[in-house]
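**Q** mind looking at a prediction? Sequence and model below.
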Amino acid sequence: TGVIQLNYSLDLDHVLVPIETIILTVRVTDKGTPSLSNMTSLTFVIEQVDEYTPVFTHGDIYVDVLENQLLSFILFIVNATDMDYGLGGEFVFEERPGLGNRHIFDLDTSTGVVTGTISFDRETKDDYSLRIAVETIPTNPVTMSSTVDVFVTILDENDNYPVFQQSIYVVYITENHAVNSDVTQITATDLDINLNANLQYELFHENSPVVFLIDMLTGAITLTLDLNLEDPAVTFPTNETFNLTITAFDRSSDPLYTDTTLLVVVTGVNEFSPQFTNTPNQIFAENISVFSILFTVSATDMDYGPQGVILYSIVSGNEEGRFDISASSGEVTLINALDRENIDSYTLVIQALDNDVDVSGRREDSITVEISVEDVNDNIPIIQQGSCDHLIPEDMQVGANLFQITATDGDISINAEIEYLIDLNVEFSIDPINGNVSLSSPLDFEFVTAYTLGISARDMGSPSLTSDTLNCYIEVTGVNEHSPLFQQNEYTFSFPENSPINTEIGYVEATDEDDGIDGELMYSIIGGDNRISIDNQGRISVFGFFDREHDPSPIALNISAVDSPGGV
């Protein structure tokens, strides 16, 4: 029939030498005699059929990649096979969506070589995943593919230094902090992992012997020595501040380290109270200059630092504000003048207070200082009499006390002892002790009628002070020693009859050796004619009408001269 049949498989995929073309020579022979034949060639081309899906030669891939690798570094290679022959067995790789992290890697579609497109930082992201497909080449009518998942773990590289939270740490501890007890704990962090982040600590300070130790694993710092600030055997750095360097380093083969500073400030404990040394009682003259330093109080405090600094103050006895005290030196200064006559003594209570920063814990001591104000002769005697006017009869006996002068002096003792003085004269004298003024010689009103005495009081201080002079006016009063005496024993006058009334017909005159009122005379007619009158000047006048033919002549008159006290 000429039908050509296939006797066995033409599989191109499983033979060592695939036959892609088969050439057959076909002879056709007739059955005649002789038979005749003819030949022809048939060429069969075997077409490849895509029977197999390309598959990876491995399962999911787990890759460890060191961070900070160069971008061109080959991270891994994927491999695949396709049992198809020829073009049917060709395939390409591509990245598929599904697991994220696309475009993080660069995939060579032909070779399966995968490189990174970024520089990996484990501290930012420590793992990635992607899905890679292998598929037949796009020219095949039917595309077949398979996938594999790749999980990339970024391995840590020691690229992070330990980090302290602070560049400088400051810790305060008291001087009585217990030995071998914790002072503080200093720790650092490291963004790396494992040994690269496993930190240890070291401590360095310049002091000898060693005062502090650090736990190399925990960073806990402990005190190794007694820190008594008052102990002279312990040497402290400036400001009682230990400057420590703390180093943190990781445990990698090539460790990284970081330093920080720890300042340990030792603060004092207020263990002791201030104590005053003896300050004797004080005596000052009342005229001591203002702003003079009177005395200095002193106290000691065995504490160290501010707890041993003493502040002085006057807590009582200075209500008038005469004194001031230096808070730092204890010098007591007079700021307002003393006046013994106002206040002659003061009792000051002075306090010494330490300067502990904790105000509630401050300690104190106090001392009482007695201040006596010594008298200075600064007060002038004052005569108590505001005025001094006296009437003294001229017949006052010599030696008689006339009056007393009194004076006072605000000072005391000899400064207040007073003697009395009088101007020089012979008529009067004063007792220098009691101030009695007495008559020294007889008075004569007719000779001197008044005296002005200058009297003063002088104290016995040194130098002595004398009062203002008191002027005493002494008026001598007369004594009626003499009787009036007419110049004539008998007077004769004549006048015409019918003289008008009030016609003066004559006058009489009497004298009195007394002065003053005792020598003033009054005249009167004590016997005679009542038509005749006399005035106090001794003038005699007609007080009525006279007729010579009827009135007797002569007319006799008795005239009297009388002084004021009654002498005739």
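**A** Right, received. Where do you want to start?
**Q** local confidence estimate at Ser413?
**A** pLDDT for Ser413: 93.
**Q** and for His14?
**A** pLDDT at His14 comes out at 76.
**Q** list the contacts for it?
**A** Met83 (C-beta atoms under 8 Å, 6 or more residues apart in numbering). From N, CA and C alone the C-beta is placed, and that goes for glycine too.
**Q** that one in helix, strand or coil?
**A** coil (DSSP: H, G, I helix; E, B strand; the rest coil).
**Q** same check on Ile517?
**A** Per three-state DSSP, Ile517 ends up helix.
**Q** number of nearby residues for the residue lying closest to it once chain neighbours are set aside?
**A** The spatially closest residue to Ile517, leaving aside those adjacent along the chain, is Ser564, at 4.5 Å (C-beta to C-beta, 6 or more residues apart in numbering). Neighbours of Ser564 under the rule other C-beta atoms under 10 Å: 15.
**Q** ditto for Gly32
**A** Neighbours around Gly32, by other C-beta under 10 Å: 7.
**Q** so the residue nearest to Ile517 makes contact with Asp514?
**A** No. Applying C-beta atoms under 8 Å, one finds Ser564 not in contact with Asp514, separated by 9.1 Å.
**Q** what sits in contact with each of these two?
**A** Joint contacts of Ser564 and Asp514 (C-beta under 8 Å, 6+ apart) are Asn480.
**Q** show me what contacts the residue nearest to Ile517?
**A** Asn480, Ile517, Asp518, Glu520, Met522.
**Q** which one of those is nearest Thr235?
**A** Ile517 (109.6 Å; C-beta to C-beta).
**Q** I figured that closest one was touching Thr477, is that so?
**A** No. The criterion here is C-beta under 8 Å, and Ile517 misses it with Thr477 at 9.1 Å.
**Q** the two: which is more packed in?
**A** Neighbour count, other C-beta under 10 Å: between Ile517 and Thr477, Thr477 has more, with 16 against 12.
**Q** show me the beta-bridge partners of that one.
**A** Pro393 (DSSP bridges).
**Q** could you check the pLDDT of it?
**A** In this model, Thr477 carries a pLDDT of 86.
**Q** OK, contacts around the residue lying closest to Thr368 once chain neighbours are set aside?
**A** Nearest residue to Thr368, sequence neighbours excluded (C-beta to C-beta, 6+ apart): Val349, at 5.4 Å. Contact partners of Val349, counting by C-beta under 8 Å, 6+ apart, are Ile314, Val315, Ser316, Gly317, Ser366, Ile367, Thr368.
**Q** now the buried members of these.
**A** Ile314, Gly317, Ile367 (16 or more other C-beta atoms under 10 Å).
**Q** in contact with the last one, which residues?
**A** This means Ile367. Phe276, Thr279, Val297, Ala299, Val349, Ile350, Ala352.
**Q** now the last one: which helix or strand?
**A** This means Ala352. strand 345-354 (DSSP states H and E).
**Q** ok, Glu427 to Met396 distance?
**A** 10 Å (C-beta to C-beta, to the nearest Å).
**Q** same question for Thr53.
**A** From Thr53 to Met396 the distance is 169 Å (C-beta to C-beta).
**Q** do Gly506 as well
**A** 42 Å.
**Q** sorry, back to before: which neighbours do Glu427 and Met396 have in common?
**A** Leu439, Leu443.
**Q** ok, and for stretch 447-462, which residues are buried?
**A** Thr449, Tyr451, Leu453, Ile455, Ser456, Ala457, Arg458, Asp459, Met460, Gly461.
**Q** could you do stretch 296-303 as well?
**A** Val297, Ala299, Asp301, Asp303.
**Q** let me see the confidence value for Ile540.
**A** For Ile540, the model assigns a pLDDT of 92.
**Q** for it, helix, strand, or coil?
**A** strand.
**Q** who's in contact with the closest residue to Ser292 other than its chain neighbours?
**A** Nearest non-adjacent residue to Ser292, counting by C-beta to C-beta, 6+ apart: Leu334, 5.3 Å away. Shown in contact with Leu334 (C-beta under 8 Å, 6+ apart): Phe284, Ile288, Ser289, Val290, Phe291, Ser292, Leu294, Arg322, Phe323.
**Q** which of the buried residues of stretch 296-303 fall in strands?
**A** Per DSSP state E, strands hold the following members of those: Ala299.
**Q** identify, from the buried residues of stretch 296-303, the entry nearest to Asp231.
**A** Using C-beta to C-beta, the buried residues of stretch 296-303 come closest to Asp231 at Asp303, 12.3 Å.
**Q** against Asn401, how distant is that closest one?
**A** Taken as C-beta to C-beta, the span from Asp303 to Asn401 is 76 Å.
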